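**Q** predicted structure and sequence below. I'll ask about it afterward.
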Amino acid sequence: MDHLDELEAQSIYILREAFARLKKLALLWSLGKDSNVMIWLARKAFFGRVPFPALHVDTGKKFPEMYAFRDRFGKEWDLDLRVDPCPPIDSVDPTLPPAARSAARKTEGLKLALNKYGFDGLIAGIRRDEEATRAKERVFSPRGLEGEWDVRDQPPEFWDHFNASPPQGAHLRIHPILHWTEADIWAYTKREGIPIIPLYLAKDGKRYRSLGDQDITNPVASTASSIDEILAELENTRIPERAGRALDHETEDAFERLRVAGYL
Amino acid sequence: MNMILPTASISATPNGTTRPQVRIVIVGHVDHGKSTLVGRLLHETGSLPDGKLEMLKAVSARRGMPFEWSFLLDALQTERDQGITIDTTQIRFRTRSRDVVLIDAPGHAEFLRNMITGASQADGAVLIIDALEGVRSQTRRHGYLLHLLGVKQVAVVVNKMDRVDFSADRFKEISEEISAHLIGLGVTPTAVVPISARDGDGVAEHTPRIGWYKGPTVVEALDALEPARPLAELPLRLPVQAIYKFDDRRIIAGRIESGSLKAGDEIVIMPTGKIAKIKTVESWPVTPVNGPQGAGRSVGITLDRELFLERGDIIGHSGQSPRDTRRIRARIFWLHDKPLTKGEQILIRLGTKESRATVVAIEKAIDPGALSNEENTAIARNHVGEIDISLAQPVATDPYTENPRTGRLVIEVNGRIAGGGLVLSVDAGRPAVPIDIVPVESALRPDERSARYHHNGAVVWLTGLPGSGKSTLARALERRLFGNGGSPILLDGDTFRAGLNSDLGFSPQDRSENIRRLAEVATHLARNGHIAIVAAVSPSTADRAAARRIADSAFREIYVATPAEVCETRDPKGHYAKARSGGLPSFTGITNDYQPPTGNELTIDTSNRSVSDATDEIERMLATTGILFDELTDLAANI
């Protein structure tokens, strides 16, 4: 077994545990490279079909290429796709810095969807290497009634034994690719032939390393126009993956505040 | 010599290279410098992303503090404000020979659960000690927990050497103390390295300030740790995660924890023991897949027949299956606020199996910080101990020493993991403690039976060497009592070994269990008014004492004290001859010691008296000890 085989087997194990132990699951599909890999892994875990809905909490501000991707592969992959909108910006905590406030709409949209469908488990494609607070996540991460993350009281989790009993009315976040890196995602995408959104490939000396809302995501300087070139670029770069995400850089704790409140 | 190659913080295996990856946890007492060492390691190896150093400087300045490396990993506000690591985190870099995942774990006692969460994923560990403070209780506790989690490779780092003027003597003192502690736990330190993490001495390079030290740097010590041993050589263990029926296939899904499998293999499903053959190994997008699938793979298989099986079963190869049991002993660590006590109802998770369970006994309770034994009544938070657990359902498992993957468990309280540990032994023969069992009493009262049989219920236990005449006497007594209208029932040891006890061998444990079962069955009969006549060598005084405890006042012990030479000349089953020729290694009378009873109700030597004479004597004993009634009195009492 090589490194990618190990990552894949571990993720499949996590997905199957979630499916076995939670009643009402959904998979959060943000249309980016990570959640595409995650859907691919779910199809492997369940022999070709994803036995729970794929939820896209839509800010309405994604790139057109992302919507096109969603509409095409939602069908081709035979997903039970649910698209739910986010509430307007004035419903969001006004003390947050602007980009974070914009991102916090997604948290609110997520809460509405949770209430609407009654999911007790949300599968999310976050990775430890993306961001320092995500590095502290559990694989099965309990959330409070309002979706909040209590970082000071995370349950013990060891040897692939996960806590899967959310309190009444609350839910769990399940993170099947927490242990992957950005380079792992690209190497696996290439190996498996998983389709990608062209925005990740360089055009006019720039490409997106991480895709979010149009107004708060910026491309980075790059000449990588194939996955091989992306992998080579990642070997040498010292620019963090989320450098193009405005909300990470507004204040020291902007991202932590978002995450504690229920953001991914 | 700097062995680290510069890399981005994202280190992986682009293009599917097969560099080994080791996962290393950094543990130690609070404030001994774990996070600082990690920060330093990343800096020295060029693994920090652009802007990170500047950000940390700004964060430190904003708090009016000197530059603080630990802010790199202590990402949470609370952590930075209080200067402590609350939760475990992971970060990566590469050495020349491998990829390293560093797991930073908190040192505070109250966050021990987070330390364990981090350490349980590790192939090796770095244990850090402050040169000024020396070995502290948390240092010892972490050492003990590493041992308990099965982390065998530990590199010790003695940090803050600058605060002891880089004293070689101080280093030697600490080095000897911690080495002795770890070796006492069965863990040999792979290196003991003096460093100053803040200034970088000894981290990636030797500096003149520790010129007296000739061993490896921290980086070199990390490079010497080995990735986890492959599990492929162990017997197959496939815990069933789920059975999927999305189409016409019935796919059994799970991850191979050890060994390997392929289509055509004959397998056994434990704990039920059902046998089947693997028909196909299913996959997506291409199915079926050919060739063996090894440990670590998440697979799906179909079988050649329809069998009922469920999540939590373990699939193994025939002849190499895990054991099934409702009773295990485990060494555990306890993380819950409320101490774990004897009699407590808990939920056990063993692989994908979930079972309710009862704590039958707390056999040891230890504070791993002080390494002191405590009273065996409860295991307190952050302490360790050994417990005896009885499960509500049979489970399949292995002792940890035989299979580290299937020999570990966690305990859940109120839906949350509260402790975990290793299976020390699988005591297949020991009783499960009843949880929801309400014994049903007989419809008849004992005196109703006594009136008919003219005797009370009893267990007449004949013990003695093979060939001493136990079975002969037992059969004669059975015939005699029956002839008098009683209800005798013969329970012969060998007969039981052919059926009820056919799972038992001749180890001391199995012999004890054999006797226990005989005693239980005999006592049940006695309680229902019968006279159970047990003929069994039962060589151990302790086992017979246990049988007497079970049967209580109904127990009558007869020592058939025929001399060994006489027994050997009789040799009714040919056992002595076979044992003399070496064919029966644990045969009582030749190689095993027989322990004659004391305090038995009767002793009979069959070498100098007839069977009927001996039977008379047994009958008299039963009459004088209140088992057989004087017939007239009896009738009068029941008219």
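**A** Okay, I see it.

**Q** can you count the residues close to B:Ala623?
**A** 13 (other C-beta atoms under 10 Å in any protein chain shown). C-beta coordinates here come from the backbone N, C-alpha and C atoms, glycine included.

**Q** ok so it is a helix residue?
**A** Yes. Under DSSP: H, G, I helix; E, B strand; the rest coil, B:Ala623 sits within a helix.

**Q** what about the spatially closest residue to A:Gly244 that is not a sequence neighbour, distance to A:Ala246?
**A** Leaving out its chain neighbours, the residue that sits closest to A:Gly244 by C-beta to C-beta, 6 or more residues apart in numbering or on different chains is A:Asn218, at 4.2 Å. Going from A:Asn218 to A:Ala246 by C-beta to C-beta, to the nearest Å gives 7 Å.

**Q** again, but for B:Ala451
**A** 94 Å.

**Q** for the residue nearest to B:Ile604 when sequence neighbours are not counted, give its distance to B:Ala522.
**A** Computed as C-beta to C-beta, 6+ apart, the closest residue to B:Ile604 that is not its neighbour in sequence is B:Ala614, at 5.1 Å. Distance of B:Ala614 to B:Ala522, given as C-beta to C-beta: 20 Å.

**Q** okay, these two: which has more neighbours?
**A** B:Ala522 (28 against 21).

**Q** what comes up buried for the helix or strand containing the more buried one?
**A** Per DSSP states H and E, B:Ala522 falls inside helix B:508-527. Neighbour counts using 16 or more other C-beta atoms under 10 Å in any protein chain shown place B:510-519, B:521-527 of helix B:508-527 among the buried residues.

**Q** and for stretch B:145-165?
**A** Neighbour-count burial for stretch B:145-165, counted by 16+ other C-beta under 10 Å, picks out B:145-162, B:164.

**Q** go ahead and confirm B:Ile379 touches B:Ala365.
**A** Yes. Using C-beta atoms under 8 Å, B:Ile379 makes contact with B:Ala365 at a distance of 4.9 Å.

**Q** can you pull the residues that touch both of these two?
**A** B:Gly385 (C-beta atoms under 8 Å, 6 or more residues apart in numbering or on different chains).

**Q** which one of those two is surrounded by more residues?
**A** The neighbour comparison of B:Ile379 against B:Ala365 (other C-beta under 10 Å) goes to B:Ile379, with 27 against 22.

**Q** quick check: residues of the stretch 1-150 of chain A near chain B?
**A** A:1-6, A:8-10, A:12-13, A:16-17, A:19-20, A:43-49, A:51, A:128-129, A:132-133, A:135-136, A:138 (C-beta under 8 Å from any C-beta of the partner chain).

**Q** helix, strand or coil for the residue nearest in space to the middle of chain A?
**A** Taking C-alpha atoms, centre = their mean, the centroid of chain A lies closest to A:Gly125, which sits 3.3 Å from it. Here A:Gly125 is recorded as coil under three-state DSSP.

**Q** so it makes contact with A:Ile174?
**A** No. Taking contacts as C-beta under 8 Å, A:Gly125 lies outside contact range of A:Ile174: 10.2 Å.

**Q** neighbours around A:Gln168, how many?
**A** Neighbours of A:Gln168 (other C-beta under 10 Å): 7.

**Q** and it, helix, strand or coil?
**A** Per three-state DSSP, A:Gln168 ends up coil.

**Q** check what pLDDT it gets.
**A** pLDDT for A:Gln168: 76.

**Q** what of B:Asp87?
**A** 58.

**Q** now swap in the one 5 residues further on and tell me
**A** Predicted confidence (pLDDT) for B:Arg92: 77.

**Q** now B:Pro394: closest residue in space that isn't a chain neighbour?
**A** B:Pro271 (4.1 Å).

**Q** quick one: the one you found and A:Asp78, what's the gap?
**A** 38 Å.

**Q** determine the number of other residues adjacent to the closest residue to B:Gly351 other than its chain neighbours.
**A** Excluding its sequence neighbours, the residue lying closest to B:Gly351 (C-beta to C-beta, 6+ apart) is B:Pro239, at 3.8 Å. B:Pro239: 23 surrounding residues under other C-beta under 10 Å.

**Q** check B:Thr36 too.
**A** So B:Thr36, with other C-beta under 10 Å, has 23 neighbours.

**Q** surely it meets B:Trp69?
**A** Yes. The criterion here is C-beta under 8 Å, and B:Thr36 meets it with B:Trp69 at 4.5 Å.

**Q** B:Pro271 and A:Asp78: which is more packed in?
**A** Between B:Pro271 and A:Asp78, counting by other C-beta under 10 Å, B:Pro271 is the more crowded of the two (20 against 12).

**Q** dump the residue contacts of the more buried one.
**A** Contacts of B:Pro271 (C-beta under 8 Å, 6+ apart): B:Asp313, B:Ile314, B:Asp324, B:Thr325, B:Pro394, B:Val395, B:Ala396.

**Q** tell me the one of those residues nearest chain A?
**A** The shortest approach to chain A among the contacts of B:Pro271 belongs to B:Asp313, at 13.1 Å (C-beta to the nearest C-beta).

**Q** whichever residue of the stretch 101-250 of chain B sits closest to chain A: neighbour count?
**A** Here the residue of the stretch 101-250 of chain B nearest chain A is B:Ser120; by C-beta to the nearest C-beta that distance is 3.3 Å. For B:Ser120, the count of nearby residues is 24 (other C-beta under 10 Å).

**Q** circling back to that earlier point, among the buried residues of stretch B:145-165, name the ones in helices.
**A** Those of those mapping onto helices are B:Leu145, B:Leu146, B:His147, B:Leu148, B:Leu149, per DSSP state H.
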